[in-house]
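Colleague: mind looking at a prediction? Sequence and model below.
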Amino acid sequence: MPKTALILVDIQNDYFDGGDWPLHQMERVSTNAADLLTDAREKGLVVVHIRHENASSEAPFFRPGTAGAEIHVSVAPKAGEPVLTKARANSFHDTGLLDILREAKIEAVTICGAMSQMCIDATARAAADFGFQVTVVEDACGAKEMGFDGVELNAVQVHAAFMAPLAMGYAKVVKTDDVVT
């Protein structure tokens, strides 16, 4: 069994109902992520929390110093668990995540959080490029509806459109029940 770390990406208040950028079924996502977190702690796995913060106070969400940019209470970090702040979609970019994983001799990462179409996708692909075995827990990931060139996609479609290529070439894509034992 490879040495594994759980990476929780951007499970922050603005993504929940009442926040500035709510995602589809974020309560379900965070409940599943909390189950993964409890399981990882019980197994003694390395746990890393990632939070996004936009540089501008004019940003639509995750503005510096706001409650919306804080990690949601459902997956609150415990003492000793690293919390890294990023400014780009890729959780490895300018955060020290790679150093933490290499120092702990991690071989595999389990990723959950938000958004499926941005930070989960970018982080999973980067992890694979760095040589980690990657698992994405899809029912612990949240997406937002989007449109492009007159084509509107609901959040379920967006989520599936990103999980499919991840499963094809970058990660093992599973459900929470496949991980939590």
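Modeller: Yep, that arrived. Numbers count the residues shown, from 1 in each chain.
Colleague: who touches the lengthiest helix in the chain?
Modeller: In the chain, assigned by DSSP state H, the helix with the most residues is helix 26-43. If you take CB atoms under 8 Å, 6 or more residues apart in numbering as the criterion, helix 26-43 is touched by 6, 8, 11, 15-17, 23, 47, 72, 74-75, 78, 110, 112-114, 137, 139-142, 176, 179-181. In short, each C-beta sits where N, CA and C put it, glycine included.
Colleague: now do Gly113 against Asp149, distance only.
Modeller: With distances taken as CB to CB, to the nearest Å, Gly113 is found 28 Å from Asp149.
Colleague: specify which residue of these two has the higher count of neighbours.
Modeller: Gly113 (30 against 4; other CB atoms under 10 Å).
Colleague: where's that one, which helix or strand?
Modeller: Element membership of Gly113 [criterion: DSSP states H and E] is strand 108-114.
Colleague: same deal with Asp178?
Modeller: With elements taken from DSSP H and E, the one containing Asp178 is helix 176-179.
Colleague: same check on His49?
Modeller: For His49, the host element (DSSP H and E) is strand 46-52.
Colleague: looking at this structure, which residue reaches furthest from the middle?
Modeller: Among residues of the chain, the one most distant from the C-alpha centroid is Gly150; the distance is 28.3 Å, by CA atoms, centre = their mean.
Colleague: need the pLDDT of Ala55.
Modeller: With respect to pLDDT, Ala55 has a value of 88.
Colleague: could you number the chain from 57 rather than 1 from now on?
Modeller: Sure thing, new numbering starts at 57, so read that last one as Ala111.
Colleague: excluding its backbone neighbours, what's nearest it?
Modeller: Ala143 (6.0 Å; CB to CB, 6 or more residues apart in numbering).
Colleague: counting neighbours, what do you get for the one you found?
Modeller: The local packing count at Ala143 equals 12, with neighbours defined by other CB under 10 Å.
Colleague: was I right to think it contacts Cys175?
Modeller: No. Contact status for Ala143 versus Cys175: not in contact, 11.2 Å apart, counting by CB atoms under 8 Å.
Colleague: between those two, what contacts are shared?
Modeller: Counting by CB under 8 Å, 6+ apart, the contacts common to Ala143 and Cys175 are His108.
Colleague: work out the gap between stretch 130-139 and the centre of the chain.
Modeller: The gap between the average C-alpha position of stretch 130-139 and the chain average comes to 14 Å, counting by CA atoms, centre = their mean, to the nearest Å.
Colleague: surely Ile162 meets Leu101?
Modeller: No. If you go by CB under 8 Å, Ile162 and Leu101 don't touch, sitting 9.1 Å apart.
Colleague: common neighbours of the two, please.
Modeller: Residues touching both Ile162 and Leu101 (CB under 8 Å, 6+ apart) are 60-61.
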